[in-house]
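**Q** Below are the sequence and a predicted model; questions follow.
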Amino acid sequence: MTSRSPPPVRRHVELEPSPAQASALTPSTPALTIDAVSTHEIQRWMSQIEQCLNDICTISGDGKLNTEQKLKISNISRQEFAEVRSEFSDKLESVSKTLNDQLGEFTKTIEAKNLEIAFLKTSVTNLQRQLAVHEQNSIKNELEIVGLPEYDNENLMQITSIMCKKIGVDLNEQDVDEVIRVGPRNLHSSDSSQRKWPRPVVVKLLRRRTRDEILKAAKSRRNVTSEHVVEGPPKNVYFNERLTKENRTLFREARQWCQRVLSFKFCWIRNGAVHIRQSENRAAVRLQSIEELDQKIGHEPDG
């Protein structure tokens, strides 16, 4: 009869995390480890057991064993299988416990990393808002004149001064730091000297009080045009607060939402901030991001 082989040699292996899990781990994160048995060793062990059983069957089949010997062999076979079953059962229980323990630690690590990521996202959002406020404050002395026809070789300082006179404000050159057109140059109209789509005029003032005076005067005088200011047919001209790119986008989105969500009737800019209000007897709400539209106005209607 073939002698029983020694039990397989155990190896210590590490279970690698998946790519998704690995992205949340740091070098200090523990890896999952278990004691494993090589497949080759198990196959060799099972092959020897099978050979032993074949030898038993051969001897039994030849009728060379008496009843007592057959019983003894049967008991040996049962004992062999019982030991194999016990070995594998112990091994599986050990592996299962090790995995459960280390998966528990692994889960705790992932949860801690998720909390850290959430905290970092909140910090980044707060920093972005602070940066946006700082950027808006940096242009608090500026205003835009929109709709003013654009010509080559124009004197923007003189044109701006005349436009301010039309709304009742005397603007001196000493009050102005710079007057420029902003944005990409547009195509010419049929008149080769006039731009088809005029770019806005940015007036950079030295004092915020002067800017507020101009905006207040423009608000009280509607339907201001370019008549007697520049050549060509009169065009509607508007005085607006200067906004950052992010606030312009937010203002545009807020106006579109208020038009679709009929319960909100008012949307305006005050000191570089976007405000909305449902009705005249309701309090105004300040918006700081596009995400707040869904929170403070509500879900966009279907269709």
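**A** Structure's in. What do you need?

**Q** what are the ranges of the strands in the protein?
**A** Secondary structure of the chain (DSSP state E): strands at 10-15, 32-37, 142-146, 176-181, 201-205, 238-241, 266-270, 273-277, 285-287.

**Q** do you know which of the ones you listed lies nearest Gln102?
**A** With CB to CB as the criterion, Gln102 lies closest to strand 32-37 of the strands of the chain, at 4.6 Å. Every residue, glycine included, has its C-beta placed from N, CA and C.

**Q** Switch the strands of the chain over to JSON lines; also include mean neighbour count and distance to Lys219.
**A** Listed next are the strands of the chain as JSON lines, based on neighbours: other CB atoms under 10 Å; distance: least, CB to CB, whole Å:
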{"stretch": "strand 10-15", "mean neighbour count": "12", "distance to Lys219": "68"}
{"stretch": "strand 32-37", "mean neighbour count": "15", "distance to Lys219": "67"}
{"stretch": "strand 142-146", "mean neighbour count": "19", "distance to Lys219": "12"}
{"stretch": "strand 176-181", "mean neighbour count": "14", "distance to Lys219": "20"}
{"stretch": "strand 201-205", "mean neighbour count": "21", "distance to Lys219": "16"}
{"stretch": "strand 238-241", "mean neighbour count": "18", "distance to Lys219": "8"}
{"stretch": "strand 266-270", "mean neighbour count": "15", "distance to Lys219": "10"}
{"stretch": "strand 273-277", "mean neighbour count": "19", "distance to Lys219": "15"}
{"stretch": "strand 285-287", "mean neighbour count": "16", "distance to Lys219": "19"}
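
**Q** want to try CSV for the ones you listed, with mean pLDDT and distance to Val95 as columns?
**A** Listed next are the strands of the chain as CSV, based on pLDDT from 0 to 100; distance: least, CB to CB, whole Å:
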stretch, mean pLDDT, distance to Val95
strand 10-15, 48, 11
strand 32-37, 50, 5
strand 142-146, 95, 69
strand 176-181, 95, 73
strand 201-205, 96, 71
strand 238-241, 94, 68
strand 266-270, 90, 63
strand 273-277, 90, 60
strand 285-287, 88, 56
